[in-house]
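**Student:** fold the stuff below for me.
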Amino acid sequence: MKIAVIGQSLFGQEVYKELRKEGHTIVGVFTVPDKDGKADPLATEAENDGVPVFKFPRWRLKGKAIAEVLNQYRAVGPELNVMPFCSQFIPMEAIDFPKHGSIIYHPSLLPRHRGASAINWTLIHGDKKGGFTVFWADEGLDTGPILLQRECEVYPDDTVNTIYKRFLFPEGLKGTVDAVRLIAEGKAPRIIQPEEGATYEGIQKKDNAKVV
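**Tutor:** A predicted model of the protein is given here:
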């Protein structure tokens, strides 16, 4: 398939690399602008491969999609958007543009822990099970239908770093690639998220980090 990768970080870089190994064509990488003169790892990898890289500061302005940004995105002709660790708000005009839609990796067992800092909140709430979800993007915040979900045990001494390195990164990478494979084979499910058990927490900050 022709895929647009929209995201960032080492996780985004590894997803990009694995999708290329699977034989997919990455028609464009959309990531964050350079910080202090240093490009995001995903951008660096794609630039080295000669893949078009776009570093938009934002996709929307005052709640509306920026026409110039949308036009550049549409011009690469993606059939699917894959969004690993996407920190920007992507307008629905881009989400719904590819014929196969858009999928997002989220590091929690949705519908639990929607929103930012999902790994932190998994630990703060003392969850016995953690995991990740690959879901279909919609107009809500982490509310789209579930494509794939995998869980792991949360150990008593786990930190954000340990659970991420042990499970959420390596298995999330595999799961995201598996999800794309299911889409390519026409076997990808769309399981509506239940509202029972749904939670939403914002960004974890110092004032809500204390465990009592």
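**Student:** where does pLDDT dip in this protein?
**Tutor:** Along the chain, segments meeting pLDDT under 70 span 204-212.
**Student:** strands of that one, start to end?
**Tutor:** Applying DSSP state E to the chain gives strands spanning 2-6, 25-30, 53-54, 60-61, 64-65, 80-83, 102-106, 129-136, 146-153.
**Student:** ok now the fourth one, how far from the chain's centre?
**Tutor:** Which is strand 60-61. 20 Å (CA atoms, centre = their mean, to the nearest Å).
**Student:** any residues touching it, and which ones?
**Tutor:** Contacting residues not belonging to strand 60-61 are listed as 66, 89, 91 [CB atoms under 8 Å, 6 or more residues apart in numbering]. Heads up, the C-betas are built off the backbone N, CA and C, glycines and all.
**Student:** how about the first one?
**Tutor:** Counting by CB under 8 Å, 6+ apart, the neighbours of strand 2-6 from elsewhere in the structure are 12, 15-16, 19, 24-31, 42, 46, 73, 76-84, 86, 88, 90, 94, 98, 102, 180.
**Student:** again with the last one
**Tutor:** Applying CB under 8 Å, 6+ apart, the set of residues contacting strand 146-153 from outside is 103, 109-110, 128-136, 163, 166-168, 171, 175, 178-179, 182-183, 188-193.
**Student:** end to end, how far does stretch 43-54 reach?
**Tutor:** Distance between the two ends of stretch 43-54: 8 Å, counting by CA to CA, to the nearest Å.
**Student:** correct me if wrong: F167 contacts G130.
**Tutor:** Yes. In this structure, F167 is within contact of G130 by CB atoms under 8 Å, at 7.4 Å.
**Student:** no more questions from me, cheers.
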